[in-house]
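1. sequence and predicted structure, then a few things I'm wondering about:
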Amino acid sequence: MPTYKAPLEDMRFVLHELYDSKTITELPGCEEFTPELMDSVLEEAAKFTQEVLFPLNQIGDLEGCTYENGVVRTPTGFKAAYKDFCEGGWTAIVSSPEYGGQGMPVAPAMLVEEMLCSANVAFGLYPGLTHGAYLSLYHHGSEEQKQTYLPNMVSGKWSGTMCLTEPHCGTDLGMLRTKAVPNADGSYSITGNKIFISAGEHDLTENIIHLVLARLPDAPQGVKGISLFVVPKFIVKDDGSVGQRNGVLCTSIEHKMGIKASATCALAFDEAKGWLVGEANKGLRAMFTMMNTERLSVGIQGLGVAEVAYQNAVNYARERIQGRSLSGVKNPEKPADPIMVHPDVRRMLLTMRAYIEGCRALSGWVAREIDVLHRSTDEDAKLIADDFTALLTPVVKAMFTDLGFEISSSALQCYGGHGYIRDHGMEQYVRDARISMIYEGANGVQALDLVGRKLPQDGGRLLTRFLDPVLEFIDANSDAEMAPFIEPLQTALEHLQIATGYIMEAGMSNYDEIGAASVDYLRLFGLVALGFMWARMAKIALPKAEGSAFYTAKIGTAKFYMQRLLPQTGALLAAVQSGSETMMEFAAEAF
Ligand SMILES: Cc1cc2nc3c(=O)[nH]c(=O)nc-3n(C[C@H](O)[C@H](O)[C@H](O)COP(=O)(O)OP(=O)(O)OC[C@H]3O[C@@H](n4cnc5c(N)ncnc54)[C@H](O)[C@@H]3O)c2cc1C
């Protein structure tokens with residue numbers, strides 16, 4: 001049986017030491033969220049996720065959701081856990097106090113989200129999608145819509161969905177066909193078929209508030225003709241209670257590789273009553289409010305699953321005895337040494353650890369900038385934060401989820417054959433991690449977003465929001481003690497700058513160059529970002545290392561990252577510079 005213990009020590013390090021949580025408390029509206037309060041929230045979240053959600057993770061995988069005549073049931077224990085989750089106020093932590101939320105800053109809340117994903121990623125999708133739907137309504141809904149839906153979504157009494165995908169269109173939403181026909185009373189009749197809708201139907205909440213992309217009769221072709229509608233499963237009466245059933249039906253649920261406790265539904269809308277959210281034909285923009293948040297959340301899914309898989313791999317590597325250490329017996333009283341003694345097992349464990357802690361640090365930076373963006377009164381700081389989060393969103397989504405899958409696979413590898421069989425729970429992590437590379441925009445599409453949209457945006461201004469602090473840090477830390485961290489970072493940064501220049505130039509005459517380079521470029525960018533994180537963490541840890549296992553391990557992991565992982569940027573640069581020719585000139589019929 002796997003185990004999970006929230007990595008509170010590292011989370012506190014990120015929150016308080018790397019990003020000085022007091023600066024978050026100083027933001028308008030965050031005054032009551034003192035560092036002490038943030039710590040107690042993290043402790044409570046650790047208890048809840050470890051004791052309530054984690055024990056349901058394997059049950060959820062074994063049982064999955066069931067479907068019968070339009071009714072979907074979640075696995076044993078999910079309903080009770082969801083009730084506890086709502087009663088504990090966890091659905092409301094970052095939502096606005098105006099609608100019953102707690103208004104917590106994102107920096108500590110993102111760490112809570114990581115715990116949720118480690119403990120039970122399938123469970124986390126239900127409140128996660130509700131929060132995304134909440135955000136779309138909060139930012140784009142009318143006052144009446146907000147009053148009608150948000151308080152019950154914040155309390156968790158009602159849940160939310162995002163209904164984009166149709167059988168013939170996933171990435172290319174410009175092709176979507178669901179229709180919205182205006183009614184005399186100001187509502188719309190929505191008709192069409194959506195597939196793969198997470199939490200589209202289930203037994204956890206009294207009502208489900210679908211946010212649906214559809215086309216008005218006179219809408220222009222393509223993405224410019226898409227509008228957003230709110231379509232409740234049960235129409236809400238004037239007194240706020242649930243009324244008659246709307247024309248939306250779950251026709252089936254998918255049988256899938258992982259996240260089996262999350263209901264993935266086919267939904268048929270048959271003249272369902274819906275109401276326009278925001279402006280007509282501007283639905284994709286409104287939905288993107290939700291999708292950008294969701295993209296970061298999906299990145300955190302990768303990190304969360306990686307963390308729990310790593311913890312179990314470490315435990316197993318300590319206990320499993322097999323073979324002898326190459327440098328001499330370490331455990332003479334036993335017939336073999338623990339597999340932890342083998343360099344290759346250590347390589348796997350340190351690779352996982354270096355990526356996980358690096359990603360946690362990077363997510364802390366993004367979370368902090370989101371707080372600045374939403375709360376600061378300093379317009380310059382807000383602009384920087386806006387640019388930075390826009391630039392980093394595809395990196396967090398794609399790199400964290402690629403790594404989530406790679407790490408859970410390496411963790412399984414540490415178990416050998418015992419990882420491949422079901423009992424130890426490791427194969428579930430590999431299966432659960434896989435979807436995060438696909439939904440919320442496949443990772444290849446994230447890379448295109450980074451290279452094709454974010455890099456050239458505003459004359460390259462967004463990239464400077466990342467480069468400037470890195471260059472400043474390098475300049476300020478040229479001493480011998482920091483050299484083992486600064487020198488590799490500087491080399492990797494040069495690789496990133498050369499790759500950027502190459503793509504910007506080559507992409508001007510041939511757009512395929514952008515597509516061909518994008519995935520390698522995103523990884524290169526992400527590795528440099530983690531390199532910066534590790535250099536910063538080393539700087540904090542160096543003066544505190546003596547006598548401290550935590551800070552000593554930080555420095556050891558930082559060195560491993562700099563020497564063993566960051567040099568991949570050289571190979572990625574070479575791949576980027578090789579251009580698009582080898583792939584685009586290869587005859588399609590030869591595949
Ligand atoms: C378990 C699960 C849950 C989901 N939940 C939801 C949900 O709640 N709501 C919702 O609306 N949808 C949901 N989805 C749908 C998901 O977002 C889509 O599957 C995803 O966006 C990809 O669309 P597609 O499957 O149609 O693949 P396609 O669009 O057919 O793409 C196939 C592959 O082609 C490549 N590709 C496509 N276009 C491009 C391009 N322009 N450039 C480069 N490469 C490209 C990508 O590698 C992609 O992986 C879910 C899917 C699953 C499996």
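-> Good, I have the coordinates.

2. and the longest strand anywhere in the chain, average pLDDT?
-> Determined from DSSP state E, the single longest strand within the chain is strand 264-277. Computed over strand 264-277, the mean pLDDT rounds to 98.

3. can you pull the alpha-carbon coordinates of that strand into CSV?
-> Extracted in CSV, the C-alpha atoms of strand 264-277 (Å, rounded to 0.1, in the frame of the first residue of the first chain):
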residue,chain,number,x,y,z
THR,A,264,-15.6,11.8,-17.9
CYS,A,265,-19.0,12.3,-19.5
ALA,A,266,-20.7,12.5,-22.9
LEU,A,267,-23.4,15.2,-22.5
ALA,A,268,-26.3,15.7,-24.9
PHE,A,269,-27.9,19.1,-24.8
ASP,A,270,-31.4,19.1,-26.2
GLU,A,271,-32.8,22.5,-26.3
ALA,A,272,-31.4,23.0,-22.8
LYS,A,273,-32.1,26.5,-21.4
GLY,A,274,-28.9,28.6,-21.1
TRP,A,275,-28.0,32.2,-20.5
LEU,A,276,-25.3,34.1,-22.3
VAL,A,277,-22.2,34.9,-20.2
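
4. against the ligand, how distant is residue 566?
-> According to Cβ to the nearest ligand atom, to the nearest Å, residue 566 and the ligand sit 27 Å apart. Where you see a C-beta, it was placed from the backbone N, CA and C, and this is true even at glycine.

5. one step back: counting neighbours, which bits of the longest strand of the chain end up buried?
-> Of the residues in strand 264-277, those buried by neighbour count under the rule 16 or more other Cβ atoms under 10 Å are 264-269, 272-277.

6. ok, that strand near the ligand or not?
-> Yes: contact of strand 264-277 with the ligand (Cβ under 6 Å from any ligand atom) involves residue 264.

7. packing partners for that strand?
-> Judged by 3 or more Cβ pairs under 8 Å, 6 or more residues apart in numbering; DSSP states H and E, the packing partners of strand 264-277 are helix 106-140, strand 188-198, strand 207-214, strand 227-232, strand 248-253.

8. can you put the ones you listed in JSON lines and add mean pLDDT and distance to residue 446?
-> Listed next are those as JSON lines, based on pLDDT from 0 to 100; distance: least, Cβ to Cβ, whole Å:
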{"stretch": "helix 106-140", "mean pLDDT": "96", "distance to residue 446": "17"}
{"stretch": "strand 188-198", "mean pLDDT": "98", "distance to residue 446": "18"}
{"stretch": "strand 207-214", "mean pLDDT": "98", "distance to residue 446": "20"}
{"stretch": "strand 227-232", "mean pLDDT": "98", "distance to residue 446": "22"}
{"stretch": "strand 248-253", "mean pLDDT": "98", "distance to residue 446": "27"}
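
9. and the nearest residue in space to residue 381 that is not next to it in sequence, what is it in contact with?
-> Leaving aside its sequence neighbours, residue 381 sits nearest to residue 372 (Cβ to Cβ, 6 or more residues apart in numbering; 5.4 Å). By Cβ atoms under 8 Å, 6 or more residues apart in numbering, the contact list for residue 372 reads 27, 381-382, 384-385.

10. just to revisit the earlier point, possible to save the helices and strands packed on strand 264-277 as TSV with mean neighbour count and distance to residue 306?
-> As requested, the helices and strands packed on strand 264-277 are exported to TSV (neighbours: other Cβ atoms under 10 Å; distance: least, Cβ to Cβ, whole Å):
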stretch	mean neighbour count	distance to residue 306
helix 106-140	26	9
strand 188-198	21	21
strand 207-214	26	29
strand 227-232	26	33
strand 248-253	19	27
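
11. next, format these as CSV and append distance to residue 459.
-> Below are the helices and strands packed on strand 264-277 laid out as CSV (distance: least, Cβ to Cβ, whole Å):
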stretch, distance to residue 459
helix 106-140, 27
strand 188-198, 38
strand 207-214, 32
strand 227-232, 31
strand 248-253, 45
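
12. so which of these comes closest to the ligand?
-> strand 188-198 (3.5 Å; Cβ to the nearest ligand atom).

13. relative to the closest one, what are the paired strands and their orientations?
-> With DSSP bridges as the test, strand 188-198 is paired with strand 179-182 (antiparallel), strand 264-277 (antiparallel).

14. what is the mean pLDDT for stretch 433-452?
-> Averaged across stretch 433-452, pLDDT comes to 97.

15. dump the strands paired with strand 188-198 to CSV, plus distance to residue 583.
-> Below are the strands paired with strand 188-198 laid out as CSV (distance: least, Cβ to Cβ, whole Å):
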stretch, distance to residue 583
strand 179-182, 39
strand 264-277, 32
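
16. residue contacts, residue 209?
-> Applying Cβ under 8 Å, 6+ apart to residue 209 gives the contacts 130, 133, 137, 149, 153, 158-161, 230-233.

17. for the stretch 251-400 of the chain, what lies in contact range of the ligand?
-> Proximity of the stretch 251-400 of the chain to the ligand (Cβ under 6 Å from any ligand atom) is limited to residues 256, 264.

18. and the end-to-end length of stretch 433-452?
-> 27 Å (Cα to Cα, to the nearest Å).

19. check which residues of it are buried.
-> In stretch 433-452, counting by 16+ other Cβ under 10 Å, buried: 433-437, 439-441, 443-452.

20. so which of these are in helices?
-> 433-434, 443-448 (DSSP state H).

21. the residues you listed also near the ligand: which ones?
-> Restricting these to those near the ligand - Cβ under 6 Å from any ligand atom - leaves 444-445, 448.

22. for these, which one is nearest the ligand?
-> residue 444 (4.2 Å).

23. for the buried residues of strand 264-277, work out which two are farthest apart.
-> Pairwise distances across the buried residues of strand 264-277 peak at 26.9 Å for 264 and 276 (criterion: Cβ to Cβ).

24. which positions in stretch 213-220 come out as buried?
-> Neighbour-count burial for stretch 213-220 [16+ other Cβ under 10 Å]: 213-216, 219.

25. is there contact, residue-wise, from that stretch to the ligand?
-> No: using Cβ under 6 Å from any ligand atom, we find that stretch 213-220 stays clear of the ligand, coming within 8.0 Å at best.

26. how long is that stretch from one end to the other?
-> 14 Å.

27. with stretch 314-327 instead?
-> 21 Å.

28. pull out the buried positions in that stretch.
-> 314, 316-317, 320, 324-325.

29. avg pLDDT for it?
-> Here the average pLDDT along stretch 314-327 is 97.

30. for the ones in helices among the buried residues of stretch 433-452, work out which two are farthest apart.
-> The largest separation in those, counting by Cβ to Cβ, is between 433 and 448 at 22.2 Å.

31. domains in the chain, by residue range?
-> Using automatic domain parsing, the domains assigned to the chain come out as 8-140, 159-283, 442-591.

32. residue 346 against residue 340, yeah?
-> Yes: Residue 346 lies in contact with residue 340 (Cβ atoms under 8 Å); the separation is 7.0 Å.

33. which one of the two has more residues nearby?
-> More neighbours surround residue 340 than the other of residue 346 and residue 340, with 19 against 14 (other Cβ atoms under 10 Å).

34. mind checking how far that one is from the ligand?
-> Residue 340 sits 36 Å away from the ligand, going by Cβ to the nearest ligand atom.

35. is it true that that residue touches residue 319?
-> No: checked against Cβ under 8 Å, the pair residue 340 and residue 319 is beyond contact range at 9.0 Å.

36. contacting residues around residue 36?
-> Listed by Cβ under 8 Å, 6+ apart, residue 36 has no contact partners.

37. any idea which helix or strand carries it?
-> When elements are assigned from DSSP states H and E, residue 36 belongs to helix 35-48.

38. so what's the gap between that helix and the chain middle?
-> Distance, stretch centre to chain centre, for helix 35-48: 21 Å (Cα atoms, centre = their mean, to the nearest Å).
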